[in-house]
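Quick one, what's the 3D model for this:
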Amino acid sequence: MSNVAAEQTISQEKINFYRENGFVQMDNLLSTQELEELREYMAEVMEAEGGHSTQTDKKGGTYYRVLNQKVNTWRDHGGMGKYSFHPRFAEIARCLTGAKGIRFFHDHALLKMPGDSKPTPWHQDLVFWPMNETGALSIWIALDDVDENNGCMMFVPKSHTAGKLTPINLVDPTDINEYVKGTEIAQQQPVKVPMKAGSCTFHDGLTFHYAHANVTEKPRRALAIIYMPDGTTYSGVSHLITDNLDLKENEPIRGRMFPLLAVEVE
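From the prediction side, this is the model:
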């Protein structure tokens, strides 16, 4: 592990940018060693059959053409858990949000496959998560160099101020811009975020985001981890992560599946 990666902190400039715009890019989050290790772990977990993680669609399915995705990979591979629960990533998330504590919600390995690839349409994340409060966010770590040819991300600045909108079907999407016509958000120009492998973005769960199709010959690999401020409460909405866990509506989401990863030092 390089000293740069081990000692990396988040600047106030980055924090201010995130809070104003709803996303921020950070270069060189992972050292070369960490990047190679995470690539190996992800390959192992994606190739494994069965287990406790969830493959959201099979090859040939309509969603698979948007994303080949496994959720909660940490449950099947300790190496993935090392990164999904990484205290450095969680502490950056805590600083960005200003939360007293940050809890893990879930991870997902995201492969945008070559061939018949489809874009990930403009959408918000938080509208799918069973949370009453806002503030939850994602880190999206690039395991490959990403640009518009293989599925880099785009964000609409300040769109996190729109509040919760209608969920977008990622296979048969509606135009999210229809919900913000006539507002300042509609005037914002989307920002394309190409990155080198080992870099990342953080984005608020309400920020409009999109990923290009993959027109290259190789999968585009990324690891996303979702965090929530400690004290976030359960809305009762059905979700594959929280279903069958006997969570109580309007009570904090916590327990063995949602560890506290970072706390403010008094």
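
now what about stretch 36-49, what contacts it?
Residues outside stretch 36-49 that contact it (CB atoms under 8 Å, 6 or more residues apart in numbering) are 30, 53, 68, 70, 73, 76-77, 79-80, 82-83, 109, 111, 141, 143, 221, 223. (Glycine included, C-beta is placed from N, CA and C.)

And stretch 251-266, by the same measure?
Here stretch 251-266 makes contact (CB under 8 Å, 6+ apart) with 85, 87, 90-91, 93-94, 99-105, 130-131, 227-228, 230-234, 241-242, 245, 247.

what separates residue 109 from residue 102, distance-wise?
Distance from residue 109 to residue 102, counting by CB to CB, to the nearest Å: 21 Å.

sorry, back to before: quick one: buried ones out of the contacts of stretch 251-266?
90-91, 93-94, 99, 102-105, 130-131, 227-228, 230, 232-234, 241-242, 247 (16 or more other CB atoms under 10 Å).

Just those residues: which are in helices?
Members of the buried ones among the contacts of stretch 251-266 lying in helices (criterion: DSSP state H): 90-91, 93-94.

Select only the buried ones of the contacts of stretch 36-49 in ChimeraX?
Here is the ChimeraX command that selects the buried residues among the contacts of stretch 36-49 (16+ other CB under 10 Å):
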select :30,53,68,70,73,76,77,79,80,83,109,111,141,143,221,223
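
Out of the contacts of stretch 36-49, list just those in helices.
Counted as lying in helices by DSSP H, out of the contacts of stretch 36-49, are 79-80, 82-83.

got the residue ranges for the strands in this protein?
With DSSP state E applied, the chain shows strands at 23-26, 54-55, 68-71, 101-112, 120-123, 137-142, 153-155, 191-193, 200-204, 209-211, 220-229, 260-263, listed in chain order.

between these, which gets the lowest average pLDDT?
Note on the strands of the chain: strand 54-55 shows the lowest mean pLDDT, a mean of 80.

Can you list the low-confidence ranges for the chain?
Residue ranges of the chain with pLDDT under 70: 1-8, 57, 62-64.

ok, what's across the strand from residue 210?
residue 154 (DSSP bridges).
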